[in-house]
Structure formats: structure tokens, C-alpha cells
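here is my input; please provide its structure:
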Amino acid sequence: MKSKTKVRTSRFIFVLAIVSFLIATAQGVLYYKKYDAFFKLLLVMQNSINAFGFKASVSIKDVIAFINNDPSLLNTVVGYAYCIAVFTAPYCTISFVYKFLERILRLIIGFRRRKNCKHIFVFGYNDDVKSMLRNNKSDPKEICIHIITTEKISQEEIYDLNKSGYVIHNIDVLKAATEELSSLFEKTHLENAKNIILFDTSSIRNFSLLQTFRLCEKDDPAKIKLCEGAKVSCRCEEEGIGRLIAEYYNSAAGKDAFYDLELVNFPEMQIHKMYSDVPLHTVYKDTDTTLDECTVHLLVAGLGQMGQQAVLQAMNLGIMSDKNKIIIDVFDTNIKKQKAEFINQFSSETFDISEDKIRLKNEAADGLLEINFYALNVQYLDFYSLLREKTASDPYTYAVITLENIDLAVNCAMQLEEIFCENGHEIPILMRMDSDRRLAGFISSENSALANVRIIDDRSCIITLDMIINREIDRIAKEYNHLYNNISIITSDEEGNTDNSDADPETEWNRLRLFRRSSSKAAAYHDEVKEFIIPKLANEKGTDLDEKLEEILGAEGSILKYTGSAWRMNVSESEVLERLKSDSFAYALASLEHRRWCSYMASIGWRAGERSDRFRRNPCLVTQQKLMESNPEMCKYDLMSLMERYRMNADR
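You can find the predicted model right below:
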């Protein structure tokens, strides 16, 4: 079904063509009135047809002479109308030919596609969607991408999109009643689509679009039911709307949901890629600094959406031991307002919150996590004077500039590099540069002025179809969840040595509430940090890593014995905990992982207390020492990263 605008345009052209034909016919009848009836009919038809063929038999010059010869009211009115029709008739011809060619093109593309072609629907047509289409490398024969939009797209652009294999549907879904949805999409392949991408710039509109799909068995049967295994990627960059969407989806109790849902946040993706390309621990690579002494001192200039993501992800990725410090200094001219919005997601039971600082409480997690807020303008001397003081006393290890103003961002980067170099520090400086790719290319190239400055990848570079529907981090997170579900730890008095590893990871994942998926993703994000931590920790403890894994987790493991598909405890829970505590390597890694989990949970607003997903409470949100006293049976699960590493080595 076409949008009202497109329907009105088509009707207008059709009516215009009929009117033009009738006027050309009337002019022909008057002009050829002296001819014999038979020849008159042929001449009138010839003129009417030629008028649509760009060369009318009766020219405007002929009409002027005709009117001058007999200036009656009828001849004058019809003559003037005909002079206009001579131009409107060819326009109608062009429109019809264009439509015909467009449909022929669609037909050809349709024949070229395979019968089992994968259909993907994208709702919205904006700069981000255009970037995704530009970056798309998929084969049109294998994947058919449908664009659902209410935007006015020129016929030339539609033709180019059709030629590239995209199908455009001008549909306003939100204006249709629920019972009209099926007929609205009757001629599309929506109910067979494996992927639905809700990419409108409005998070609220995306949420409304999400509600047009049938969520579970109890939902309105008039809504569209997607095919089994369908995945919906919903763009949402607003914290409040994100929670609302999560509540809506979680109401299906996970296992009953008819489709998989993933929330897409572009600033989060950009910052994750930044920390992946240039890790927070970069300055400590190839140094003798112990993990406990690897202080992460992060500078963030600008507390917009990207700045907030830089802080939140650093709370997870900055964990390198159970003791290392994480200090984050945030600068913004409007820090009071930005801070108020930012800390709204934190719990006062988990953080000590003051006017210019928040600090994770000692009883909530080990180590030090502190965020300082400064109301300073990066273009003033006060900002750089303070930086010189802080750099001299407690050097920065990483800097992120997320300012939207390019002039300020470049000036800030140059000043920071100068200050850091003066003190003999070469630290990574990552800068946002969304709007000027030429300048970004220059800064990224070799030059002495900004040698340590890197550019945060623009969203137009990272938005690809594969990134949205086949994100690598999602695959790793699903493996983590699958591993957690399948770590079968058998007590000494239990029979058997198998686990449930035959379970489908996708099914397990779809049964999770959204916040549990986020937790698995946070663990997956930290994988790259552990690639640095685990070998370094083994080196600090003076042990060979592979030998150590075999010693504590192998077939004759001192803590857990690997049976080939599960781990067995040949002693009691309390003795397993004692053995874990007595092994400095295993205990250090377990304490690290527990601290990382606590820090992440605190960053999304959780607090300690009786278990409640609704009120975001968890009894394990405590220090490692407290956990061993209150929930000792949970401590062994903090060895998951070692278990996975051991299993991977065993499978080779």
C-alpha cells in the first residue's frame, strides 16, 4: 500500500493525462472540422496521440493562426487550454514511462533473486540508513533489503536504489490501525523476514514500530507475527526509552517471545570500537608495572552521549586486578546539567555522590573507582593549568575528546599532546571527528603536530549491515552465556560427568532478559583485556600459564577436575573455596572477575540486597571477602574465563 502522498501524485498524473487527451481531442475536432468524417477521425486521433509523443500535429503556431482566423469564445478557450496541454501531455508520458521502467527493473531484479532469498526490512530512511546502504557488500541475489519509510524520496533516487537491488515501500505504519497491518504489508515479504531493523532517529518511534509485531502468544493476534528465528534490531540511544523497551520485551518472560530483540546504540558501538582498537591498558603494554599498580587515569572532555559511554565502558574495561585504581576526570562547560542526567542511572546505595565527585562505595566492590566532574571550558587557560597540575602529580594514561565543536576539539588535542609530552608521557588521545572526514584523514596520517592523536571512528564508517545483524560481540556474548549455562560443576556425591552442551545457544539467548544479555556482552567486551591480564598475571606469579591451568582445572585439577564435558568437585564447597584462596593465581583472577562484574552492575544502576530483577538488586554486589562469607558457592564461577581458556586448549 502506498503512502497518501504517493497515491495522490499518481492520481494527479493520471487525471492530468486524461484531461490533456480530452483537450487535444477537442482542439483536433475544431481544427479539422472541414474534413470528411473518416479523415477527421484519423487526424484527431493522430493529433491526440502525437501530443503525448512530444510532437503534436497541430502546433502552437497553428493554434494561434486558427484563433486569429476565428476568434470565437469556444476556439479561444480550447486553444489556450491546448497550448498548455501540449506541455502537460509529454510530462505525463515521461512519468508513465518512468513508472513502467521502474516496474520492469523490479521485475528483472525479482527474477534474478533466488527463491530462498533472505529478506531484511529496514524501517526509516535517514543518514544512518544511507550509510548502511553505502557500506553494504551483500549480494542482491542472496539478500533482498526492503526500505519502509514515510520520507519523500525523489523518483531518481528510488530508481537508483531499485537498480542496486533495494525495494522501497512508502508506508506509514504508525497511522494504521492494528487490524489493518496485515493488509498493509500484504504484498511484501515481512512475515518471512529473518531480520527487522528499526532505524528511525526517534527512539520513541522505534518503540512504537516494535509494538506492531506480535510479541508472544498472549499478544494481539491482529499484530504481525514474524517468522520463527526472526531478529529485531531496535535503535535506542535514550536511557529511559531503553528501560521501557526492556520492560516491554521482558514481559514475555523471555522464553515465550516470538522474536529475538537487540537494542542498538551507536555511541556505545563507537566507543567500544575505540577501546578495542586502542585499549585502556595501552600505556602498560611491554612494561614491568604490576597489574595492581596499573592505574587507569582517564580524561574525558565532553559529557554528551559519547562521553558518557567512554566513562561507563571504562568502569568495565579499566578493571585489571581487584586492586588497581580507576580515576576518571570529566570536563564540560555545562557539567552541572550533564552530570545530573548522567548519574541519574546510578544508585546512591552503591555510590557516594557529592557535587563534584562520585565514588563506588568500598562495600560495593574492591579497588578504587572514582569519577571527578569539572566545570571548565577547554578553550580557557584554567583548563590547561589544572591539567598541568594533575599530570605532574598523577599522570593521565588515556584521553578521550568527544566535543562536537571541531575547532575546540582540535585545539584541545594539540594542547593535551603538548602538556603530556612536556612531562615525558606519550599516551593515547582519541578524538571525535564526525563532520570533517578530510581533516580526520589528515590527523590520522603521520604528522608531528598530532602524533599521538587517533580518530574515533565515525558512525558512517562503522554502520554496516553485517555489524547490525551479525555483530561479533553478540556471538561472543552468546558463547559466554552458553558456557555459563553449561558449566556443569558436579559435587563428589553426584553421579555422571556430562553437561547440557547440546542445548542451542540461540534458544538459550532468547530466553534471557535484556539486562542479562547486557551482562554477557560486558563480559565479552572484557575478553580483550583478559588477553593482556591473564598472561601478565601468570608471569607475575612466576608460573607457566598452560601448566597452571592443567594444575588447577585439568583431569587431576587441584580446585576442579575436568571430566571432558564438566568439572567435578571431589571435596566439599568449603574446601574448594579454601583451595581457591590458597592458590594466588586463581584467587587473583577470581577476585578480578568479581570486581569487574560488581563495577559493571553498579554502572547500570544495580545495588546490593535480596535478589530482584525488577528492583535491580543482587546479594552478590559486595566485595570478594564479603562474597566468600555470604555466598561462597558463587566464587568458583568467577573462574569462568580460565575454564573457557582451558577448554579451548583441550579442544585443539
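
most centrally placed residue in this protein?
Note on the chain: the residue nearest the mean C-alpha position is Val264, at 3.1 Å, using C-alpha atoms, centre = their mean.

which non-adjacent residue is nearest that one?
The shortest distance from Val264 to any non-neighbouring residue, by C-beta to C-beta, 6 or more residues apart in numbering, is to Arg235 (4.7 Å). C-beta: built from backbone N, CA, C; applies to glycine.

angles on the backbone of that neighbour, please.
The phi/psi pair for Arg235 (degrees, to the nearest 10) reads phi -70, psi 130.

thought it was touching Ser202?
No. Arg235 is not in contact with Ser202 according to C-beta atoms under 8 Å; the separation is 9.1 Å.

for the two, indicate the residue with more neighbours.
Neighbour count, other C-beta atoms under 10 Å: between Arg235 and Ser202, Arg235 has more, with 22 against 15.

how about the strands in the stretch 51-200 of the chain?
Here the stretch 51-200 of the chain has its strands, by DSSP state E, counting those that start in this stretch, at 118-123, 143-149, 166-170, 195-198.

could you list the domains of this protein?
For the chain, the structural domains run 4-101, 113-264, 270-462, 471-651, going by automatic domain parsing.

with mean pLDDT added, can I get these in TSV?
As requested, the domains of the chain are exported to TSV (pLDDT from 0 to 100):
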stretch	mean pLDDT
domain 4-101	75
domain 113-264	86
domain 270-462	89
domain 471-651	83
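
give the contact list for the closest residue to Ser321 other than its chain neighbours.
Counting by C-beta to C-beta, 6+ apart, Ser321 lies nearest to Leu291, which is 4.1 Å off, once chain neighbours are set aside. Leu291 makes contact with 320-321, 324, 533, 536-537, 540, 588, according to C-beta atoms under 8 Å, 6 or more residues apart in numbering.

hmm, back to that, need the winner for burial among the strands of the stretch 51-200 of the chain.
Ranked by mean neighbour count, the strands of the stretch 51-200 of the chain are led by strand 195-198 with a mean of 25 (mean count of other C-beta atoms under 10 Å).

which elements pack onto whichever helix or strand comes after it?
Where DSSP states H and E defines the elements, the next helix or strand beyond strand 195-198 is helix 203-210. Here helix 203-210 is seen to pack against strand 195-198, strand 231-235, helix 239-250 when contacts are counted using 3 or more C-beta pairs under 8 Å, 6 or more residues apart in numbering; DSSP states H and E.

ok, 10 Å please
Of the remaining helices and strands, those touching helix 203-210 by 3 or more C-beta pairs under 10 Å, 6 or more residues apart in numbering; DSSP states H and E are strand 118-123, strand 195-198, strand 231-235, helix 239-250, strand 260-264.

okay, these in a markdown table with distance to His425 next?
Below are those laid out as a markdown table (distance: least, C-beta to C-beta, whole Å):
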| stretch | distance to His425 |
| --- | --- |
| strand 118-123 | 45 |
| strand 195-198 | 43 |
| strand 231-235 | 38 |
| helix 239-250 | 34 |
| strand 260-264 | 36 |
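
among the ones you listed, which comes closest to Glu370?
Among the helices and strands packed on helix 203-210, the nearest to Glu370 by C-beta to C-beta is helix 239-250 (22.1 Å).

residues in contact with the closest one?
Applying C-beta atoms under 10 Å, 6 or more residues apart in numbering, the contact partners of helix 239-250 are 202-204, 206-207, 210-211, 215-216, 232, 234, 236, 238, 257, 259-261, 263, 265, 305, 308, 341-342, 344-345, 512-518, 604-605, 613-614.

got the phi and psi for the residue lying closest to Trp567 once chain neighbours are set aside?
If you skip the residues right next to it in sequence, Trp567 has Leu560 as its closest partner in space, 3.9 Å away by C-beta to C-beta, 6+ apart. Leu560 adopts backbone torsions of phi -140, psi 140, taken as degrees, to the nearest 10.

so how many other residues sit close to Leu560?
Taking other C-beta under 10 Å as the criterion, the count of residues near Leu560 is 26.

if I look at it, how far off is Asn649?
Applying C-beta to C-beta, to the nearest Å, one obtains 15 Å for the distance of Leu560 from Asn649.

next one: Ser347
As defined by C-beta to C-beta, Ser347 lies at a distance of 40 Å from Asn649.

ditto for Ser599
28 Å.

which of the two has more neighbours?
Counting neighbours by other C-beta under 10 Å for Ser599 and for Asn649 shows that Ser599 has the greater number, 24 against 13.

can you tell me the element the more buried one falls in?
Here Ser599 sits within helix 584-603, counting by DSSP H and E.

pretty sure Glu644 sits against Trp567.
No. Under the criterion of C-beta atoms under 10 Å, Glu644 is not in contact with Trp567, lying 11.9 Å apart.

show me which of the two is the more surrounded one.
Per other C-beta under 10 Å, whichever of Glu644 and Trp567 has more neighbours is Trp567, with 22 against 17.

quick one: the helices in the stretch 401-550 of the chain?
Listed in chain order, the helices found in the stretch 401-550 of the chain under DSSP state H, counting those that start in this stretch are 406-422, 437-444, 459-462, 465-469, 472-486, 505-510, 514-525, 527-540, 545-553.

ok and the last one relative to helix 527-540, angle-wise?
Read that as helix 545-553. Our comparison of helix 545-553 with helix 527-540, counting by axes from the mean of the first three to the mean of the last three C-alpha atoms, to 10 degrees, yields an angle of 90 degrees.

mind giving me the packing neighbours of helix 545-553?
With contacts defined as 3+ C-beta pairs under 10 Å, 6+ apart, the secondary structure elements packing on helix 545-553 are helix 527-540, strand 561-562, helix 584-603, helix 640-651.

other SSEs contacting the first one?
So the one you mean is helix 527-540. The criterion is 3+ C-beta pairs under 10 Å, 6+ apart, and the helices and strands that helix 527-540 contacts are helix 266-277, helix 305-317, helix 472-486, helix 545-553, helix 584-603, helix 640-651.

export these as TSV, with columns for distance to Gly242.
Shown next, in TSV, are those (distance: least, C-beta to C-beta, whole Å):
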stretch	distance to Gly242
helix 266-277	11
helix 305-317	12
helix 472-486	17
helix 545-553	38
helix 584-603	14
helix 640-651	27
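
please identify the most buried of the helices and strands packed on helix 545-553.
For the helices and strands packed on helix 545-553, where neighbours mean mean count of other C-beta under 10 Å, the stretch averaging the most is helix 584-603, with a mean of 23.

report the angle between that one and helix 527-540.
Computed by the same axes, to 10 degrees, the angle between helix 584-603 and helix 527-540 is 150 degrees.

can you list the buried residues in whichever helix or strand comes after helix 584-603?
Once helix 584-603 ends, the next helix or strand along the chain (criterion: DSSP H and E) is helix 624-630. By 16 or more other C-beta atoms under 10 Å, the buried positions in helix 624-630 come out as 624, 626-628.

next one: stretch 574-585
576-577, 579-580, 583, 585.

want to throw the residues you listed into CSV with distance to Thr464?
Rendered in CSV, the data for those read as follows (distance: C-beta to C-beta, whole Å):
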residue, distance to Thr464
Val576, 46
Leu577, 46
Arg579, 47
Leu580, 43
Asp583, 44
Phe585, 40
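
picking that back up, of the contacts of helix 239-250, grab the buried ones for PyMOL.
To isolate the buried subset of those in PyMOL, counting by 16+ other C-beta under 10 Å, use the following:
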select buried, resi 203+206+207+210+215+232+234+236+257+259+260+261+263+265+305+308+342+512+513+514+515+516+517+518+604+605
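
and Val330, how close does it get to Leu403?
Using C-beta to C-beta, one obtains 12 Å as the distance from Val330 to Leu403.

hmm, I was thinking of Leu291
Distance from Leu291 to Leu403, by C-beta to C-beta: 33 Å.

again, but for Asp160
Taking C-beta to C-beta as the criterion, Asp160 is separated from Leu403 by 36 Å.
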